[in-house]
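Enquirer: Following is a predicted model, sequence given first.
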Amino acid sequence: MAKVQYPNPKFWRAKDNIDWKKQGENLKEVLGIFGDMLKETDWKDVGEKVVAGCKADIERVKGEYKDFMALDNAEKWDRVVNGERSLGRLYRKGAMATVRREWRGVKDTAYDFWEWARLWGMLLATFSKDLIPAMNSALWYRWMISYFCCHGFMDKNILGLRGSNLRMSHELTYQIFRYVAENLVLLSKADRKNGNSDELNKMMVTFDEMTMGQIMAGFPDLCGIPHQLLPMFLVSEIDQLVCIPYIDAVESYGLPSDTCPVPSSECGALVINALPDMGSGFISSSMPCDGSTMASSYFSRRFPHIPVFHLCFPVRYLDEETVQMGAEDIKACIKFIEEQTGAKWSWDAYFAAMKRFNHETDLELQKWEINKSARPQLIGPSYELFRKWNYEMDGGIDPRVIPSMEKVNKMLLKAYENGETAWPERKMRYRGIVWSCPAHYYANFSNWLANCWGIDILVEMESLNFTKHLETEDKEEALRDLARLYERMVMRRHTNGGYQNVVDECWRQVEAWNAPLVIMYQNVACKNMATVQGLLDEQGRQRGYDLIWVEHDLMDPRTVSRRTMRDKVNEYMRTVKHAEPVDPSLVEFEDEVCM
Amino acid sequence: MKDLKHLIYFERLLENADNELVEKAKADGGICLGYTCFHIPEVLLNVDRCFSARLRAPNTGSIDIATYYMSNYTCEYARALLERAIEGGYQFLDALIGVDACSMMNRSMEHFEILGVNSKPNFFVTHTDMPFKITDYTLDGYERQMQVRVLDRIHEVFGVDTSDAAIRKAVAEHNEVCKIISEIREMRKAENPVITGYEFHVLNLVTYTCPKALILPYLRETLEELKTREPDPKPAFRARVAIVGSEIDDPKLTKLIEDVGALVVSDRYCFGSTPGREVIELKDDEPALRQICLHYMEVSECARYISDEKVLQRRETSDRLAKEFGAEGIIYEQMKYCDYWGFERALVSHIMHDEYGWPVLSIDRLYNNGNSGQLRTRVQAFVESLEIKRIHKEGK
């Protein structure tokens, strides 16, 4: 079989059809906004803040120098070789980013900079494939601006990491960033407001938030892009503040504020026309929750010219009676895509991708085995995010992912055999898992838990999904398997189909991972999880586990700030566990506006 | 108007889920099957000795224990049912027929099982999967769920006859109820109707919560009474409104709206008569179950149906009902924390105003609203705005 090129080179070659008049009007509007902003700016205040910032930097450098000089020689050597220990000093009140990058010791800092440069190289190379629409997106959508901070996101996710875990995390982050960069460029090319490539739009199908991408494996000539993933969900993990205007927009429109901020943000973006207009068809879905189900009518209202297929899987997915209905819906969805695009479903391409996906599942299970052991190797937000992305979006479609995963597993096994640990020894005090809708990307919580209290999050709920190999020969059974997979998408696998999937499953996983400490995220707007709160609390206590309840509101930090989230852990660790922090500088710090 | 003869009796029946007629049916050997959601075809729960009781939690006070289990950010109806169940208020049920249509109701019913709120040895809760759109295969799935999760279960546990003939018999009785309610509903189209929105709400609710055979004599008598009832010479209302939205099982809400001068002429909400009281026409040459499932899918106005044609159907139905019943405005309502109706209300209240030209009042509300001053003020303001519109219109 010929080597699969991914993404299909036809996508890049598709001709843009930019309406320059429209761009000119938009530019005029944007310049008007900038002009107003400049007029309204209190320059005296800006000047004072710059001066204060410079003074704070001078003080910080002096302080760091003084602290370093106060160490004895052995400690100085340790800091030079193994890196700094007080990570709280990287944050400053009112700053939107950390004051500088982390010193990880000579070797790891050098490696970190190499990865930093590699990431820049990839981003520049990718964006240069069609630079004008990609950059022009920043003039259409404010969320695009937050992507300029993607390096900061990478830094945040690897805060405190050293050795093999740092290397593996970088490798996995790179895969995600490449996917994001490529899709941002394609999205900008296709967007009828922007690149307006008819050619690409004919080849493009978009799908709903968190709807898995595997169905596109059977359409190698088509470009499948999750419509709201890049403009809303993923960018909010880079910048937690980015969705606030969209949430406000839809709440002003009349949506109650008690709904999940994920569909709320998406609907808000639709209300104010902040999502790209692209593709020849949209796959809406009933997943993962009631709120997400309803968001599709907002899409149809904004983009009435884009045909929609509603992919609706049974909720009671453990009931095998329901599987055929899911399989039939997939068949209907394939037919819809064929009708809208003129493309033909290819079983060969689908099976080839699913074989890769099955292999990726095996590699994932290998990681779990190691992490379940006394010496976990790959933990932290990069890995958690990669797992989610790989399961949901990549799904074996991109052949470039396999070598990367294999490389990581090789490093993983080697590190295990060498007796390494995921975090420096002092940070490995408690084994924990994360349950419920996770907020750790927004708040950099998994890293903070390890860096501050030595709580190592071995796995999160959303990673623990379908691990059965998908059928790659029998076509009917393959569709049923695909239905089973989709029914067990991230979040849905736990929050749908009965309480057993989230309550009983939690205790099963606590035992499997030997992790009696559970960070129980409580998304205040998630009804699926809120409705088992009492059961989890009651049964957790009966079992004697440490359940630390952490309220949050995903990408709306106004409801629950990151600091409030951390305080919940601080209080528990101090009052219940009588623990001392590993890094006291991280117990209290200001990051209200820090991305 | 002269009081309806049985109104106080009907009101008394609504004071308790376990009402006098439910008790009587049980004493006669009836099997009481509780349910909450329109997605469960009511007729299937009325086969043989079984009778359906759509669950309410009248006079709900504190829901603290349910809040502990389900948090305070979730549907009050779902919590009120759980609270009542924990208090022992649904001990009279023989089974609970649940749907996994909305997550909060599903969880509420799961708690019935987990917390063992009913001590009857044969008591069970069954959970059924519901479709989101109408296609051949979703109809197949729905029919299969009703067969396996409902009919087969009640047959296995209670030994009742769930044959096609038994289902058709239940449909016949159901249809008589529907015909009476539909005939009464038609009376609301009159310029000066002989029945108020509150009275209709009470009448309709007893048809959901009482055994059909036992409530039918009262309904027949009430229908005859209404045919000769004289309306007040001067209508007591200032504006006519239609209500559209999520679950309302509390007639005090209708009373509140009518107390401030609006006449509720149409009830397009869950527990209302549209949908719910449409006659089910069965063909003889097809299995009854499949026809019933299709009927419920087609008439359903639940916001959970997300396919384009159902989304449009909901808007068209609201518009049609408001027109047919001479409403001057529409109240779009939503039980607080209901995700389906939260998203639907926000969007469609704009659409009904902007595209269909209706004055719309958009509200979210608690489970029990009878005494809500805030709601009263909002409805009052809406009534005044409708009056002003009318004056402007008449002045042109």
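Expert: Arrived safely, thanks for sending.
Enquirer: Report the contact partners of A:Lys577.
Expert: A:Asp546 (CB atoms under 8 Å, 6 or more residues apart in numbering or on different chains). Placement of C-beta: from N, CA and C, glycine included.
Enquirer: what does the lowest-mean-pLDDT helix or strand in chain A rub up against?
Expert: Among the helical and strand segments of chain A, the one scoring lowest on mean pLDDT, DSSP states H and E is helix A:440-443, with a mean of 79. Helix A:440-443 is contacted from outside by A:157, A:236-237, A:240, A:381, A:384-385, A:434, A:446-447, A:457, A:460, A:521, A:552, A:554-555, A:557, A:562, A:565-566, using CB under 8 Å, 6+ apart.
Enquirer: ok now do the residue of the stretch 101-250 of chain A found nearest chain B, which residues does it touch?
Expert: Ranked by CB to the nearest CB, the top residue of the stretch 101-250 of chain A for proximity to chain B is A:Val250, at 7.3 Å. Residues near A:Val250 by CB under 8 Å, 6+ apart: A:264-265, A:267-268, A:271, B:346.
Enquirer: For residue 10, report the pLDDT, please.
Expert: Picked chain A for this. As summarised for this prediction, A:Lys10 has a pLDDT of 95.
Enquirer: my bad, the chain I had in mind was chain B
Expert: For B:Phe10, the model assigns a pLDDT of 98.
Enquirer: Just want the phi and psi numbers for it.
Expert: B:Phe10 has phi and psi values of phi -60, psi -40 when expressed as degrees, to the nearest 10.
Enquirer: Over to B:Ser362?
Expert: Backbone geometry at B:Ser362, expressed as degrees, to the nearest 10, gives phi -110, psi 120.
Enquirer: Could you do A:Gly497 as well?
Expert: Dihedral angles (degrees, to the nearest 10) for A:Gly497: phi 80, psi 10.
Enquirer: Kindly report the residues of the stretch 101-250 of chain B close to chain A.
Expert: B:102-104, B:106-108, B:110-111, B:114, B:127-133, B:135, B:137-138, B:140-141, B:144-145, B:148 (CB under 8 Å from any CB of the partner chain).
Enquirer: residues making contact with whichever strand or helix holds A:Met144?
Expert: Per DSSP states H and E, A:Met144 falls inside helix A:142-146. Here helix A:142-146 makes contact (CB under 8 Å, 6+ apart) with A:137-138, A:184, A:231-232, A:235, A:238-239, A:242-243, A:245, A:269, A:274, A:595.
Enquirer: again, but for stretch B:350-365
Expert: Residues contacting stretch B:350-365 (CB under 8 Å, 6+ apart): A:253-254, A:256, A:301, B:241, B:253, B:315, B:318-319, B:322, B:328-336, B:342, B:345-346, B:349, B:372, B:375, B:378-379, B:382, B:385-386, B:389.
Enquirer: how about the residues of the stretch 151-300 of chain A near chain B?
Expert: Going by CB under 8 Å from any CB, the residues of the stretch 151-300 of chain A near chain B are A:250, A:253-256, A:258-260, A:263, A:267, A:284, A:286, A:289-291, A:293-298, A:300.
Enquirer: same question but for the stretch 401-550 of chain A, I mixed them up
Expert: Residues of the stretch 401-550 of chain A lying close to chain B (CB under 8 Å from any CB) are A:495-499, A:524-525, A:527-528, A:530-535.
Enquirer: Tell me which of these fall in helices.
Expert: Mapping these onto helices (DSSP state H) picks out A:495, A:527-528, A:530, A:533-535.
Enquirer: Tell me which two of the residues you listed sit farthest apart.
Expert: Maximum pairwise distance in those, criterion CB to CB, is 15.8 Å, between A:Thr495 and A:Gly534.
Enquirer: more crowded one of the two?
Expert: Shown here are A:Thr495 and A:Gly534; by other CB atoms under 10 Å in any protein chain shown, A:Thr495 has more neighbours (23 against 20).
Enquirer: Tell me which residues touch that one, please.
Expert: Counting by CB under 8 Å, 6+ apart, A:Thr495 touches A:288-289, A:437, A:501-502, A:526, A:528-529, B:103.
Enquirer: which one of these has the most neighbours?
Expert: Top of the contacts of A:Thr495 by neighbour count (other CB under 10 Å): A:Cys526, with 29 neighbours.
Enquirer: distance of it from A:Phe445?
Expert: From A:Cys526 over to A:Phe445 the distance is 16 Å, taken as CB to CB, to the nearest Å.
Enquirer: go on, B:Leu386?
Expert: To A:Phe445, B:Leu386 is 51 Å away according to CB to CB.
Enquirer: between those two, which one's more packed in?
Expert: More crowded of B:Leu386 and A:Phe445, by other CB under 10 Å: A:Phe445, with 24 against 21.
Enquirer: looking at it, the more buried one is touching A:Arg563, isn't it?
Expert: No: if you go by CB atoms under 8 Å, A:Phe445 and A:Arg563 don't touch, sitting 11.9 Å apart.
Enquirer: Now A:Val459: phi and psi?
Expert: phi -160, psi 160.
Enquirer: Could you pull up the contacting residues of it?
Expert: Going by CB under 8 Å, 6+ apart, A:Val459 touches A:368, A:371, A:379, A:433-434, A:509, A:513, A:515.
Enquirer: Over to A:Val532?
Expert: A:Val532 neighbours (CB under 8 Å, 6+ apart): A:499, A:502-503, B:70, B:107.
Enquirer: go with 6 Å
Expert: A:499, A:502-503 (CB atoms under 6 Å, 6 or more residues apart in numbering or on different chains).
Enquirer: quick one: it and A:Gln539, what's the gap?
Expert: According to CB to CB, A:Val532 stands 10 Å off from A:Gln539.
Enquirer: try A:His151
Expert: Remark: distance between A:His151 and A:Gln539 (CB to CB) = 42 Å.
Enquirer: Which of the three states applies to the nearest residue to A:Gly254 once chain neighbours are set aside?
Expert: Closest residue to A:Gly254 apart from its sequence neighbours, by CB to CB, 6 or more residues apart in numbering or on different chains: B:Ala346 at 3.7 Å. Secondary structure, DSSP: H, G, I helix; E, B strand; the rest coil: B:Ala346 is helix.
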